[in-house]
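Participant: Sequence first, then the predicted structure, then my questions.
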Amino acid sequence: MSTLSNNSFSNPALIAVPAVLAVIGVVYSPARPAIIAVAAVAALLMLFKPLTIALLRTLLLALSPSKSVAVAKKAVVQVESPVQTVFALNRKANQIAETQPALAAELRMRAAYSAPQRISKRAVAVKAQGPLKSAFALNSKANQIAQTQPELAAKLRMQAAYS
């Protein structure tokens with residue numbers, strides 16, 4: 001027996017392995033610099049991740065700038081609840097009560113009727129409480145009952161404005 005006939009390359013699959021490796025080497029060698037460059041860039045991006053995120057956000061803002069605060073506030077649809085409207089009317093009425101009592105009384109009346117409360121069953125007529133003559137007495141009485149009976153308080157303020 002000769003030594004050539006007793007080698008380990010008698011299996012066809014073992015003969016194909018070097019050929020496949022040669023083909024992979026031929027295909028891989030031109031792409032090697034690109035693969036190395038992509039791997040280096042990915043490693044740098046992962047190393048400087050906060051800087052990368054900041055640069056991407058800056059690029060996004062450069063392409064589509066955000067709205068200014070005034071434009072954004074105008075774009076938002078504001079839905080006011082009835083309670084907010086009532087508070088706003090009463091606040092405005094309190095601001096102008098000294099200079100324009102009639103307008104303040106009208107604002108309080110609107111606030112009382114736009115309130116989401118039901119009309120109090122315990123509301124007493126204004127005349128049943130006795131003759132209150134001065135505007136000061138009417139307003140002080142209205143302030144006392146404003147939380148419990150807003151409709152009656154608004155009527156008293158209206159009377160005070162026109163007395």
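Facilitator: Cool, got the structure. A quick note: this is a predicted structure, and the numbers were derived from the prediction, not measured.

Participant: Only C-alpha atoms from now on, for both contacts and neighbour counts.
Facilitator: Fine.

Participant: What mean pLDDT does the helix ranked longest in the chain get?
Facilitator: In the chain, with assignment by DSSP state H, the single longest helix is helix 12-47. Mean pLDDT, computed over helix 12-47, is 85.

Participant: Give me the buried positions along it.
Facilitator: Going by neighbour count (16 or more other Cα atoms under 10 Å), nothing in helix 12-47 comes out as buried.

Participant: what's the answer for stretch 137-157, then?
Facilitator: 138-139, 141-142, 146, 149-157.

Participant: where are the low-confidence patches of this protein?
Facilitator: 1-10, 69, 76-83, 115-133, 163 (pLDDT under 70).

Participant: Just the strands from it, written as ranges.
Facilitator: Assigned strands in the chain: none (criterion: DSSP state E).

Participant: Let me see the ranges of the helices in it.
Facilitator: Using DSSP H, helices in the chain cover 12-47, 49-63, 69-75, 82-96, 101-114, 135-145, 150-162.

Participant: now the angle between helix 49-63 and the longest helix of the chain, please.
Facilitator: 70 degrees (axes from the mean of the first three to the mean of the last three Cα atoms, to 10 degrees).
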